[in-house]
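>>> What would the 3D arrangement of this be:
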Amino acid sequence: MENPSGRHPAEESVADIRPTNEKGHLSVASFSVVFLQCSAWFTILRDLTHLMATFGIRMIDGVDFGVIAAETGVDVRALRQREIQHCVDSGWLNVRDSHYQLTAAGILMADTVAAELL
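Take a look at the predicted model:
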């Protein structure tokens, strides 16, 4: 399919998307631009969420994953359930509702715990 702007579809902006047929439906190329941009945005948001979790868990007061989920829409607990449970079972994390905090043993393993959340 010919791209009138001459740019790669990933370089198109949402503002450039226009219906291309008489019924007002988006073309496959236009849809792919939206999909690529949404995928990129979700990847950035997911990465930001993981960074918030890995830095937050290292804080003495711990981190509230419920707050992070509310702010970003990405729930680390759902994405890393098995890894979090491993840290709890290893005695590295205390859990109270949605608040997670390193134990005394967990402080010594903070890098390992943080890596489990990435």
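>>> Identify each buried residue in stretch 40-54, please.
For stretch 40-54, the neighbour count (16 or more other C-beta atoms under 10 Å) marks 49-50, 52-54 as buried. Using the backbone N, CA and C atoms, a C-beta is placed for each residue, glycine as well.
>>> for the protein, what spans make up the strands?
Applying DSSP state E to the chain gives strands spanning 63-64, 93-96, 99-102.
>>> got the buried residues of stretch 40-54 as a markdown table, with pLDDT and distance to Val76 columns?
Shown next, in a markdown table, are the buried residues of stretch 40-54 (pLDDT from 0 to 100; distance: C-beta to C-beta, whole Å):
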| residue | pLDDT | distance to Val76 |
| --- | --- | --- |
| Thr49 | 79 | 6 |
| His50 | 75 | 7 |
| Met52 | 83 | 8 |
| Ala53 | 84 | 5 |
| Thr54 | 84 | 9 |
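>>> from these, which is closest to Ala105?
The shortest distance between Ala105 and any of the buried residues of stretch 40-54, using C-beta to C-beta, involves Thr54 and amounts to 18.2 Å.
>>> ok, back up a step: could I get the strands of the chain as a markdown table with distance to Asp75, mean pLDDT and mean neighbour count?
A markdown table is the format used below for these (distance: least, C-beta to C-beta, whole Å; pLDDT from 0 to 100; neighbours: other C-beta atoms under 10 Å):
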| stretch | distance to Asp75 | mean pLDDT | mean neighbour count |
| --- | --- | --- | --- |
| strand 63-64 | 12 | 91 | 19 |
| strand 93-96 | 14 | 94 | 15 |
| strand 99-102 | 13 | 94 | 20 |
